[in-house]
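Asker: how does the following fold in three dimensions:
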Amino acid sequence: MTGLISVQGIIIPADWDEHGEVITIAVSTHKEQEFLLENNRKGDELKDFVGLEMILSGFISTKDGKDFLHVENFSRIERKDD
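Answerer: As a prediction, this is how the structure comes out:
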């Protein structure tokens with residue numbers, strides 16, 4: 001696990017259940033990085049922000065060749081056109 005990092009990007013769906021409900025989300029950054037978000041309390045809260053730009057801080061870990069972000073804090077980036 002890395003030290004605390006901060007990333008900025010769009011919250012996107014990454015996996016769905018058999019009913020079409022989003023079960024896993026990710027953040028896609030402007031640097032073309034993608035981090036799956038761990039399914040913890042903060043990760044669950046972020047499901048309400050799919051499609052919005054956020055700043056996330058947390059810890060990166062790698063499992064099965066995929067990068068996961070364990071979110072500690074997040075905030076929405078407010079745009080004038082939102």
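Asker: out of the helices and strands in this protein, which is least certain?
Answerer: Lowest on mean pLDDT, DSSP states H and E among the helices and strands of the chain sits helix 41-46, with a mean of 90.
Asker: tell me the buried residues in that one?
Answerer: By neighbour count on 16 or more other C-beta atoms under 10 Å, the buried set for helix 41-46 is 42, 43, 46. Every residue, glycine included, has its C-beta placed from N, CA and C.
Asker: so what's the last one up against?
Answerer: If I follow you right, that is residue 46. 11, 25, 37, 54, 56, 71, 74 (C-beta atoms under 8 Å, 6 or more residues apart in numbering).
Asker: try residue 53
Answerer: Per C-beta under 8 Å, 6+ apart, neighbours of residue 53: 8, 9, 10, 76, 77, 79.
Asker: what sits opposite residue 74 in the beta ladder?
Answerer: residue 56 (DSSP bridges).
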